[in-house]
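> Okay, here's the prediction I keep looking at, along with the sequence it came from:
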Amino acid sequence: MKTQHQAEPDGTAAPAPDRAPGAAGLGRTAVWALVITSVAGFMAALDNLVVTTALPAIRADLGGRLEDLEWTVNAYTLTFAVLLMIGASLGDRFGRRRLFLAGLAVFTAASAAAALSPGIDELIAARAVQGVGAAVMMPLTLTLLTAAVPAARRGMALGIYGAVSGLAVASGPLIGGTLTEHFSWQWIFWLNVPVGIALLVLARLRLDESKAPNARLDIPGTLLVSAGLFGIVYGLVNANSHGWTSGRVLTALIAGGVLVLAFVRHGTVARNPMLPMRLFRNRGFFGINIASLLMFLGMFGSIFLLSQFLQGVAGYSPTSAGLHMLPWTAMPMAVAPLAGYLSDRIGGRPVVVAGLAFQALGLGWFAMLLTPDVSYSAQLPGLVLSGIGMGLYFAPSTNILMSSVPPAERGIASGALSALREVGGALGVAVLASVFSAQGGYRSPQTFTDGTVPALWIGVAAVGLGALAALLLPGKAGTAAGDPAAGDPAAGDPAEAGAPAAARV
């Protein structure tokens, strides 16, 4: 069905949104955007932890040292975190749908290459290329979805998107373990191929193209943030194998930190920076980014250890371990849509703060009760609390972010949030694993527990600090200027992907 066309803010023509009723009052255009972006986001988020329960099978099949197996996880996280800001910037400049399709194609092809890998080195290389595709694709999912959904329904739509993304992160060990146990580890990657191909067709037919007005590539900023994040993440993921005080790790961390500081300086003084530092003056943008970094630090590192505890100490198979984590991993699907609705009614701040508090309580429950012979019934309250917390957090966090910046800068904002989440995840795995190694180890169930408990307390502290950072978020009445929901008549239609050039400072 053809639709009438209207002018985009950058002067190009784009299909007008089809407002025919759809799911939950959304138009068909918005429903298709929600389906396509949620499934794409699920695939990208899933591949963060999907290989963790498959590592023993990969080692038996391909060989490799422990460090090589760690890189099958870290190669994806590394390229994902480093290139996220570039993916958002390229989408703003050359077209968000176009770059989304390109990133999805790279991700799908790399998934097939990973499944066909004859050796561990080839698998690591394919995982790195997967991360490149995900880094281009992931930040544009939020921008495309926000442009397609009316402001009155955005909280609900982003709540569903957040629930799907949260489920992907937490259910990675379950899906990876199930496929490995009942099929083979290669099916972890083969699963992405038909889904990716279907999404390429649907995105080409159902998503509207958009660009940011007067978008320019910030080459100096791109080089600074890419090299800086590479140094920091490289140092973090090598800290366990080489030691925090080794020359390699210290050089990477220090050099990366200096380059990131230079990027911050560049974002303050440059005329058209990739990430304007003035955005961090906004309480909503600053608070949700810091809270998200800390949330992922505590959650990622804890899931990494607890999924291994259920197998190595409790004795569950990979599939059984994933099933026993369902009260945590499935809870966001039930909670997040309700949380999105609540955030539309009472504002996102109390929902996000409550979510982080529940997540901290859940991890604290594990830290207090964990022993080598702890029963599953004793663990259950911690799983439920963590699941509720994850659902409450993911649902409104993206809506808060998108409401805190003008429409033309939502691609930048999405890339920044996704990058900080990935950096937080890498930091969480590195820090909590380092504490685990220092206080315990894999020698016996008792030493594994001895290492896991103090590591979990670090996770509790990180998520708790995230809850304090979320208190900085504005209330419902403090929606960002420039968003139509705030009542700014100069802001324009929230479904537009861009804004007048004057909106860019």
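Good, I have the coordinates.
> isn't residue 96 right up against residue 210?
Yes: the criterion here is CB atoms under 8 Å, and residue 96 meets it with residue 210 at 5.3 Å. Every C-beta, even on glycine, is put in place using the N, C-alpha and C of the backbone.
> which residues sit in contact with residue 297?
Residue 297 sits next to 424-425, 427-428, 431, 459, 462-463 when contact means CB atoms under 8 Å, 6 or more residues apart in numbering.
> What's the ChimeraX line that selects buried ones from these?
Typed into ChimeraX, the line below selects the buried ones among the contacts of residue 297, using 16 or more other CB atoms under 10 Å:
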select :424,425,427,428,431,459,462,463
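> tell me which of the contacts of residue 297 is nearest to residue 49?
Among these, residue 425 lies closest to residue 49 (CB to CB), at 8.7 Å.
> For the closest one, give me its contacts.
Residue 425 sits next to 48, 77, 296-297, 299-301 when contact means CB under 8 Å, 6+ apart.
> Dump the residues you listed to a markdown table, plus pLDDT.
Listed next are the contacts of residue 425 as a markdown table, based on pLDDT from 0 to 100:
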| residue | pLDDT |
| --- | --- |
| 48 | 73 |
| 77 | 78 |
| 296 | 88 |
| 297 | 89 |
| 299 | 86 |
| 300 | 79 |
| 301 | 81 |
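> can you redo these as a markdown table with distance to residue 362?
A markdown table is the format used below for the contacts of residue 425 (distance: CB to CB, whole Å):
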| residue | distance to residue 362 |
| --- | --- |
| 48 | 20 |
| 77 | 23 |
| 296 | 15 |
| 297 | 15 |
| 299 | 10 |
| 300 | 14 |
| 301 | 14 |
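> any chance of the residues you listed in TSV, plus secondary structure and distance to residue 373?
Below are the contacts of residue 425 laid out as TSV (DSSP: H, G, I helix; E, B strand; the rest coil; distance: CB to CB, whole Å):
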residue	secondary structure	distance to residue 373
48	coil	31
77	helix	33
296	helix	31
297	helix	29
299	helix	26
300	helix	27
301	helix	24
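> Which residue is the nearest non-sequential neighbour of residue 438?
Nearest-residue entry for residue 438: residue 451, 7.6 Å, with adjacent residues in sequence omitted and distances by CB to CB, 6 or more residues apart in numbering.
> Stretch 142-158: which residues count as buried?
Buried residues in stretch 142-158, defined by neighbour count with 16+ other CB under 10 Å: 142-151, 153-158.
> From the residues you listed, which land in helices?
Residues of the buried residues of stretch 142-158 located in helices (DSSP state H): 142-148, 151, 153-158.
> so which pair among the residues you listed is furthest apart in space?
Largest pairwise distance in these, by CB to CB, is 18.0 Å, between 143 and 156.
> low-confidence ranges in the stretch 401-505 of the chain?
Low-confidence segments of the stretch 401-505 of the chain (pLDDT under 70): 408, 411, 415, 475-505.
> Residue 300 and residue 431 touch, don't they?
No: under the criterion of CB under 8 Å, residue 300 makes no contact with residue 431, lying 10.1 Å away.
> Tell me the pLDDT of residue 347.
Predicted confidence (pLDDT) for residue 347: 79.
> Count the neighbours of it for me.
20 (other CB atoms under 10 Å).
> can you tell me how far it sits from residue 407?
Distance, residue 347 to residue 407, using CB to CB, to the nearest Å: 20 Å.
> and what of residue 44?
Note on residue 44: its distance to residue 407, by CB to CB, is 23 Å.
> again with residue 474
Applying CB to CB to residue 474 and residue 407 gives a distance of 18 Å.
> Any stretches of the stretch 201-350 of the chain with poor pLDDT?
Using pLDDT under 70, the stretch 201-350 of the chain drops low at 212-216, 240.
> Go through the contacts of residue 297 and say which is closest to residue 123.
So of the contacts of residue 297, ranked by how close each gets to residue 123 (CB to CB), first place is residue 425, at 20.2 Å.
> which element is that closest one on?
Using DSSP states H and E, residue 425 sits in helix 410-439.
> Remind me what the helix or strand harbouring residue 239 packs against, helices and strands.
Assigned by DSSP H and E, residue 239 falls within helix 219-242. Judged by 3 or more CB pairs under 8 Å, 6 or more residues apart in numbering; DSSP states H and E, the packing partners of helix 219-242 are helix 66-94, helix 247-269, helix 410-439.
> I'd like to know which of the ones you listed lies nearest to residue 116.
helix 66-94 (14.8 Å).
> Report the angle between that closest one and helix 247-269.
10 degrees (axes from the mean of the first three to the mean of the last three CA atoms, to 10 degrees).
> in helix 66-94, what's buried?
So for helix 66-94, counting by 16+ other CB under 10 Å, buried means 68-93.
> C-terminal to it, which secondary structure element comes first?
Following helix 66-94 in sequence order, the next helix or strand is helix 96-115 (DSSP H and E).
> Could I get the buried residue list for that next one?
For helix 96-115, by 16+ other CB under 10 Å, it's 96-97, 99-111, 113-115.
> For the strand or helix carrying residue 199, name the packing helices and strands.
For residue 199, the host element (DSSP H and E) is helix 192-206. Under the contact criterion of 3+ CB pairs under 8 Å, 6+ apart, helix 192-206 touches helix 28-46, helix 96-115.
> Can you tell me which of those is nearest to residue 339?
Per CB to CB, nearest to residue 339 of the helices and strands packed on helix 192-206: helix 28-46, 15.7 Å.
> Can you list phi and psi of the closest residue to residue 157 other than its chain neighbours for me?
Leaving aside its sequence neighbours, residue 157 sits nearest to residue 149 (CB to CB, 6+ apart; 4.4 Å). When read as degrees, to the nearest 10, the backbone of residue 149 gives phi -100, psi 130.
> Since that was my last question, I'll sign off now.
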